[in-house]
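Trainee: all I have is the shape, not the residue letters:
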């Protein structure tokens, strides 16, 4: 995931991270069968936008909601419009809530699509992806995840020495082609 995200940011906007992103393995905090996603905690109480995409092994699993994994993205409100501009997206009005929600969803979708493409090119199944779901501050209802997984990976990305984007990912066993 770290190499994929680093390459994505370089390709889309020539954005270099101040330090190499590190994956940190953590235990899933579950509530009512879903993974917890709290952006306020990731950015020390600041307003944060959160988006998630779920992965499925097949179209049939997508229909049954048999989740294989999840990618969750967090960006602090004060940086989201600037980040999207750096990534070569049209300017957004950071006073319009829906524009911010759409932007975090777009970022999550391109990161999830990149992951999906890279694992498929490595010989794994062509995963199905859900539509992104967006939140302000935290995912109140939680995010679906593979019930056989107990851990997820956190990755914080620093731009100009400041934590600007966070990614969480959990994934079950992806079938080979």
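Mentor: Yes, it's here. What you see is a predicted model; the values in this text were computed from it and never measured.
Trainee: going by C-alpha atoms from here, please, whenever you check contacts or count neighbours.
Mentor: Fine.
Trainee: what's in contact with the helix ranked longest in the chain?
Mentor: Ranked by residue count and defined by DSSP state H, the top helix of the chain is helix 97-121. The contact list for helix 97-121, computed with Cα atoms under 8 Å, 6 or more residues apart in numbering, reads 1, 4-5, 8, 49-53, 71-75, 77, 80-81, 84, 92-94, 125-127, 129, 131-136.
Trainee: show me the strands in the chain, by range?
Mentor: In the chain, the segments counted as strands under DSSP state E are 23-27, 30-31, 34-35, 48-56, 69-76, 128-129, 133-136, 151-159, 162-171.
Trainee: list the buried residues for stretch 67-81?
Mentor: The neighbour-count check on stretch 67-81 (16 or more other Cα atoms under 10 Å) flags 67-77, 80-81 as buried.
Trainee: could you tell me what pLDDT the model assigned to residue 79?
Mentor: We have a pLDDT of 97 for residue 79.
Trainee: to clarify, my last question referred to residue 31.
Mentor: Residue 31 is assigned 88 on the pLDDT scale.
Trainee: quick one: residues contacting the residue lying closest to it once chain neighbours are set aside.
Mentor: Setting aside the residues directly before and after it, residue 31 is nearest to residue 142 in space (Cα to Cα, 6 or more residues apart in numbering), at 7.3 Å. Taking Cα under 8 Å, 6+ apart, we find residue 142 in contact with 31, 34-37.
Trainee: one more pass at 10 Å, please.
Mentor: By Cα atoms under 10 Å, 6 or more residues apart in numbering, residue 142 lies in contact with 30-38, 52.
Trainee: ok, residue 131 next?
Mentor: Counting by Cα under 10 Å, 6+ apart, residue 131 touches 52-55, 105, 108-109.
Trainee: related to what we said a few turns ago, for the buried residues of stretch 67-81, please prepare TSV with the additional fields distance to residue 98.
Mentor: Shown next, in TSV, are the buried residues of stretch 67-81 (distance: Cα to Cα, whole Å):
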residue	distance to residue 98
67	27
68	29
69	26
70	23
71	21
72	18
73	17
74	16
75	15
76	15
77	12
80	13
81	12
